[in-house]
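Visitor: Need coordinates for the following:
(one chain, ligands or ions: 1)
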Amino acid sequence: MAQQHEHATPPQDPRAFWEARYGGDQVWSGKVNAALAALAEGLPPGRALDLGCGEGGDVIHLAEVGWDATGVDLAEAAVARARRAAQERGVAERTRFVAADLSDTASGWGPPDDAAAPGFDLVAASFLQSPVALDRERILRHALTLLAPGGRLVLVSHAAPPPWAPAEFAARGHFPSPTDELAMLGVPASGDGTWDVEVAEERTREVTGPDGQPGALEDAVVVVRRR
Ligand SMILES: C[S@@+](CC[C@H](N)C(=O)[O-])C[C@H]1O[C@@H](n2cnc3c(N)ncnc32)[C@H](O)[C@@H]1O
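Guide: Residues are numbered from 1 along each chain as shown. Here you go, the predicted model:
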């Protein structure tokens, strides 16, 4: 009998997948994610880091409202586009974009070498989710260590696949609830001596799908603050 193979097709290399995704036209809207914008509105600007920044919409918005903001993404093509957009919107000086694999936590995507600055005031990860391999738990647990006292980690994630997503995409993805997110971070829902949980909720967004169809997206929004 022929040997059974676990994978009918070999697993795809994440860098190749995301470079291909950004290889054509602009992928995202260029606008800030609404949950992040709302949170930032109530905070004094400081130093921010955006994980999986894509084409830079969140980083650029944070810079426009006064933050020093760094974005990291695996795809060189995304980072190049983000740099161009920051230039066009006049915030190149307050933004920094780094092409790096966040799984490589020793590769220097952490705080700049500045002994006077203890870490980031805001670390954001908007839809840091992937249909190919992504060591999200390790990355986000490492992100917690990069926060300055009083700093916040903000996760905005798809809690369910978009209604128009192909069944294959829905089956491959992981769509966490806010409770899943906190468990993944190792932060108790009621907080502890190190962490306050400021937000852990599902939010619904009414959107227009790729073919003009109306639909609702479910986001898991989590904000934890280092005491
Ligand atoms: C769904 S997109 C979200 C992009 C952006 N945050 C937004 O909200 O528009 C996920 C992003 O994570 C990036 N990514 C995936 N795996 C990564 C890794 N290991 N290191 C760095 N970035 C990664 C992808 O290149 C992609 O830009």
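Visitor: When you work out contacts or count neighbours from here on, use the C-alpha atoms and nothing else.
Guide: Will do.
Visitor: Show me which positions of the helix or strand of the chain with the lowest mean pLDDT end up buried.
Guide: Least confident element among the helices and strands of the chain, by mean pLDDT, DSSP states H and E: helix 167-172 (a mean of 77). If you call a residue buried by 16 or more other Cα atoms under 10 Å, then helix 167-172 has these buried ones: Ala170.
Visitor: now stretch 81-93
Guide: For stretch 81-93, burial by neighbour count (16+ other Cα under 10 Å) applies to 81-83, 85-86, 91-92.
Visitor: Stretch 198-207 too?
Guide: When neighbours are counted by 16+ other Cα under 10 Å, the buried residues of stretch 198-207 are found to be 199-200, 202.
Visitor: So which of those is the closest to the ligand?
Guide: Glu202 (16.7 Å; Cα to the nearest ligand atom).
Visitor: how about Trp164, what does it touch?
Guide: Gly209 (Cα atoms under 8 Å, 6 or more residues apart in numbering).
Visitor: Restrict whichever strand or helix holds Ala82 to CA atoms and write it as CSV.
Guide: Ala82 belongs to helix 76-88 when elements are defined using DSSP states H and E. Output of helix 76-88 as CSV, limited to C-alpha atoms (Å, rounded to 0.1, in the frame of the first residue of the first chain):
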residue,chain,number,x,y,z
GLU,A,76,9.8,43.7,2.6
ALA,A,77,7.2,44.7,0.0
ALA,A,78,4.8,45.8,2.7
VAL,A,79,7.5,47.7,4.6
ALA,A,80,8.6,49.5,1.4
ARG,A,81,5.0,50.5,0.8
ALA,A,82,4.6,51.7,4.4
ARG,A,83,7.7,53.9,4.2
ARG,A,84,6.4,55.5,1.0
ALA,A,85,3.0,56.1,2.5
ALA,A,86,4.6,57.7,5.6
GLN,A,87,6.6,60.0,3.4
GLU,A,88,3.6,61.0,1.4
